[in-house]
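In: Fold the following and give me the result.
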Amino acid sequence: MNPDDKLKNLSQAPDAPFAITLAPIRYMGKNFYASGQVSKRGDAMLATGLVGREVDMKLAQECAWQCAVNVLESVQKELGSLDKIEYVVRLGIYVASADNFSEQHLVAHGASQVILNVFGPERGSHTRTAIGVKSLPLNSPVEVDAIFRIKS
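Out: A predicted model of the protein is given here:
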């Protein structure tokens, strides 16, 4: 059955439990997108809660750092080596923010620094978006996703 037929035959309500499989990376030409990662180290979250309330700037930056490390470890696992990356295109940093917190860009520095430390200024310089959100998965203070360019 093709996707059009499958859509037509979907039930009106979803069947639970959901059987979801997401890709850690997904190619789009010579670029690939890496799925978002939260601030987990091993089996434990570094912190939970909102930045500017339960989580201070220093800890939020550490969380962003860990998110970026997790993205790179995920990419490394899929590619076999980070050396296959030509350059980093973009980071997306999502910050679970308390009301009136407006320093998401400073939190994002933690993630950007990881990228620059690993790839250097030539391959690691990237565009970036830092966005304040109400909440993130697992009550993580930060989530990071990325877009990379693969070598030919």
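In: Bridge partners for residue 128, pull those for me.
Out: residue 91 (DSSP bridges).
In: Sorry, slip of the keys, the one I care about is residue 45.
Out: Counting by DSSP bridges, residue 45 is bridged to residue 40.
In: quick one: contacts for it?
Out: With contacts defined as Cβ atoms under 8 Å, 6 or more residues apart in numbering, residue 45 is in contact with 38-39, 138-140. In short, each C-beta sits where N, CA and C put it, glycine included.
In: what's the answer for residue 95, then?
Out: Residues touching residue 95, when contacts are defined by Cβ under 8 Å, 6+ apart, comprise 51, 60, 64, 101, 104, 107-108, 130-133, 141-142.
In: Write the ChimeraX selection for whichever of the contacts of residue 45 are buried.
Out: Those of those that count as buried under 16 or more other Cβ atoms under 10 Å are selected in ChimeraX with:
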select :38,39,140
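In: Now the contacts of residue 45 in CSV, please, with extra columns for secondary structure, pLDDT and distance to residue 115.
Out: What follows is the contacts of residue 45, written out as CSV (DSSP: H, G, I helix; E, B strand; the rest coil; pLDDT from 0 to 100; distance: Cβ to Cβ, whole Å):
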residue, secondary structure, pLDDT, distance to residue 115
38, strand, 98, 17
39, coil, 96, 16
138, helix, 97, 23
139, helix, 98, 25
140, coil, 98, 19
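In: between the contacts of residue 45, which is closest to residue 78?
Out: Within these, distances to residue 78 taken as Cβ to Cβ reach their minimum at residue 38, with 17.9 Å.
In: So among the contacts of residue 95, which ones count as buried?
Out: By the neighbour-count criterion of 16+ other Cβ under 10 Å, these include these buried positions: 51, 60, 64, 101, 104, 107-108, 130, 132, 141-142.
In: would you turn these into CSV with secondary structure, pLDDT and distance to residue 89?
Out: Putting these into CSV (three-state DSSP; pLDDT from 0 to 100; distance: Cβ to Cβ, whole Å) gives the following:
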residue, secondary structure, pLDDT, distance to residue 89
51, strand, 98, 25
60, helix, 98, 24
64, helix, 98, 18
101, coil, 98, 27
104, helix, 98, 20
107, helix, 98, 20
108, helix, 98, 15
130, strand, 98, 16
132, strand, 98, 22
141, coil, 98, 25
142, strand, 98, 20
